[in-house]
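Undergrad: just a sequence and a predicted model for now, questions to come.
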Amino acid sequence: MQRCVTLHVWENTMRDETRPSAPAGVRSRRQLIAGMAMALGALAATKAVASRQTAAKENPGAAPDPRRTTLHYQVGFKATPQRIYEVLLDAKLFAACTGLPAEIDPAAGGAFSLFGGQIKGRNVELVPNQRIVQAWRPGHWDPGVYSIVRFELKPRGAESTLILDHAGFPAGDAAGLDSGWHEHYLDTLQKYFAQPAK
């Protein structure tokens, strides 16, 4: 589809108005070669973009693009959605999991302060044992700048899949946030749920 559009645009923009045009449907060899080159170039560019997108999906451990403003994770846990939901919204459980102080109002609209005040925000939407959506910000961001974090919990028997999406953060913060999500949330939760329930 894209090759046809590219060729059509090229034909309309590259026509030489100083020479008499050939009869309809007849093109010079130069026009055909140039048109084919542009079409093949467009196809190669499309394939390159698709290849980069596939590589990014297949290699989630690759360093994030510094221009990115979204992160996506899908991680399995040896815990029910209810247990994960409780840890993310209960100040005592969250502090026990992370080893750092936490204050969490577990109601929609409730404020939270995590990791001794390093992360602050509000619960935007709460669907018990299924979804948590938060307005979320590290303390070093400019005042009033928030991003959106969404935790989606999917049951898998006695286990769960956590789908975490972080969107709307400032460009240039992807690498630091990616590292933080792994170190302070995903890896920490894995270790916490690997221990026998208390």
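TA: Now that the structure is in, tell me what you want to look at. Residues are numbered from 1 along each chain as shown.
Undergrad: from here on, contacts and neighbour counts on C-alpha atoms
TA: Noted.
Undergrad: just want the phi and psi numbers for Leu162.
TA: The phi and psi values for Leu162, taken as degrees, to the nearest 10, are phi -100, psi 120.
Undergrad: that one and Arg150 touch, don't they?
TA: No: with contact defined as C-alpha atoms under 8 Å, Leu162 does not reach Arg150; the gap is 9.9 Å.
Undergrad: return the residues in contact with Phe151.
TA: Counting by C-alpha atoms under 8 Å, 6 or more residues apart in numbering, Phe151 makes contact with Arg131, Ile132, Val133, Leu162, Ile163, Leu164, Asp165.
Undergrad: which single one of these is nearest to Ile104?
TA: The closest of the contacts of Phe151 to Ile104 turns out to be Ile132 (C-alpha to C-alpha; 12.9 Å).
Undergrad: distance of that closest one from Pro196?
TA: Distance, Ile132 to Pro196, by C-alpha to C-alpha, to the nearest Å: 25 Å.
Undergrad: of the two, which one has the most company?
TA: Looking at Ile132 and Pro196 with other C-alpha atoms under 10 Å, you find the greater number of neighbours at Ile132, namely 21 against 6.
Undergrad: give me every residue that touches that one.
TA: Neighbouring residues of Ile132 by C-alpha under 8 Å, 6+ apart: Tyr85, Asn123, Val124, Glu125, Leu126, Arg150, Phe151, Glu152.
Undergrad: shaky segments in the protein?
TA: 1-65, 197-198 (pLDDT under 70).
Undergrad: give me the subset of the contacts of Phe151 lying in strands.
TA: Assigned to strands by DSSP state E, the following of the contacts of Phe151 qualify: Arg131, Ile132, Val133, Leu162, Ile163, Leu164, Asp165.
Undergrad: isn't Phe115 right up against Pro101?
TA: Yes: between Phe115 and Pro101 there is a contact under C-alpha under 8 Å: 5.5 Å.
Undergrad: the helix or strand containing Phe112 - contacts with which helices or strands?
TA: Using DSSP states H and E, Phe112 maps to strand 111-114. Using 3 or more C-alpha pairs under 8 Å, 6 or more residues apart in numbering; DSSP states H and E, the elements in contact with strand 111-114 are strand 103-104, strand 119-127.
Undergrad: adding mean neighbour count and distance to Ser179, write those strands out as CSV.
TA: What follows is the helices and strands packed on strand 111-114, written out as CSV (neighbours: other C-alpha atoms under 10 Å; distance: least, C-alpha to C-alpha, whole Å):
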stretch, mean neighbour count, distance to Ser179
strand 103-104, 20, 23
strand 119-127, 19, 15
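Undergrad: save those strands as CSV, and put in distance to Val75 too.
TA: Shown next, in CSV, are these (distance: least, C-alpha to C-alpha, whole Å):
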stretch, distance to Val75
strand 103-104, 23
strand 119-127, 19
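Undergrad: for this protein, which segments count as strands?
TA: Ranges of strands within the chain are 70-77, 103-104, 111-114, 119-127, 131-138, 147-156, 159-167, based on DSSP E.
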